[in-house]
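Participant: sequence first, predicted coordinates after that:
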Amino acid sequence: MEPDIFDRMAAQAAGVQPPQSLSKEKLHAPAESQIAAQNPSKTPPNVRQALQFLLAHGWLESAAKPKLFSLAAAQTTLIDALLEPLDLRVVVDDVRGLAFLAVVPDYSGDDTDESEQDDWTHPLMKRQRLTLEQSLLLAILRREFLQREQESGTGAAVRVTVDSLLPQLETYLGSTGSDMQERKRLGQLLENLRTHGMVTEVDSQDCITIRPMIVHLLNPENLQTLLLRLREVAEQGSTRGSEANAEGAP
């Protein structure tokens, strides 16, 4: 309410400034800013950034994102609470500097048919389907990774040359008789694993870096399944060879 003329005259005579009227906008602005500043339910920007990175890539490494990794390691409880509606959680490997998403242990999924269950374990976590050759190379790289860790200590970067992988792959897959073709085959396998985040690109020194995620992706249960599959393939090959020899016998 505006003061009338008599109030202003009395105030001037007394040397007092008349009260100023406040607009509706001015009355509401401080209250709104105070509410925004005191909103405890809003996720901190740095936590939001770490969560968005995890959802986009599946994991983050301390070597590439040290600040985000430190934040994820320190705020696992908060991040797990934010991931709870998605049936996901964050797993932190402090020693190797790795944080990655995983499906909660009690996840039961929805009522999907069998064909969908073959392709998906979780709506946001697609099962990575690898060929036998790709799985074999993964097992070789995992062994290299663990051996280097035993020699240099856990957490050290593991780099290997492409040439050192060729004879190991030939031991299981056999030789094609062409060095160029064998190297091309290995290059294609490494490129496929790179898209899954298991290795880096081949650098100028013809080396790759094995990412620590390989330890968690290729667990002992998966290795046992791979071993059984390799035995089946070997037995099928020996059976076909025996049949061919029998057909060619006089």
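Facilitator: Arrived safely. What you see is a predicted model, and the numbers here were worked out from it, not measured in a lab. Numbers count the residues shown, from 1 in each chain.

Participant: helix, strand or coil for residue 156?
Facilitator: coil (DSSP: H, G, I helix; E, B strand; the rest coil).

Participant: what separation do you get for it and residue 187?
Facilitator: 26 Å (CB to CB, to the nearest Å). To be clear about C-beta, it is placed using only N, CA and C from the backbone, and glycine gets the same treatment.

Participant: now residue 129
Facilitator: From residue 129 over to residue 187 (counting by CB to CB), the distance is 20 Å.

Participant: next one: residue 103
Facilitator: 33 Å.

Participant: name the residue in the two with the higher neighbour count.
Facilitator: residue 103 (15 against 12; other CB atoms under 10 Å).

Participant: so which bits of stretch 174-189 are buried?
Facilitator: Residues 182, 185-186, 189 are the ones in stretch 174-189 that count as buried (16 or more other CB atoms under 10 Å).

Participant: from the residues you listed, which land in helices?
Facilitator: Judged by DSSP state H, helices contain the following of these: 182, 185-186, 189.

Participant: let's have the residues you listed in TSV, adding distance to residue 96 and pLDDT.
Facilitator: Shown next, in TSV, are these (distance: CB to CB, whole Å; pLDDT from 0 to 100):
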residue	distance to residue 96	pLDDT
182	31	89
185	29	90
186	25	92
189	23	92
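
Participant: closest to residue 44 among those?
Facilitator: residue 189 (41.5 Å; CB to CB).

Participant: how about the strands in the chain?
Facilitator: 59-61, 88-93, 98-103, 120-122, 125-126, 158-161, 207-210 (DSSP state E).

Participant: which regions of this protein sit below the pLDDT cut-off?
Facilitator: Applying pLDDT under 70 to the chain flags the ranges 1-41, 109-128, 218-227, 229-231, 233-250.
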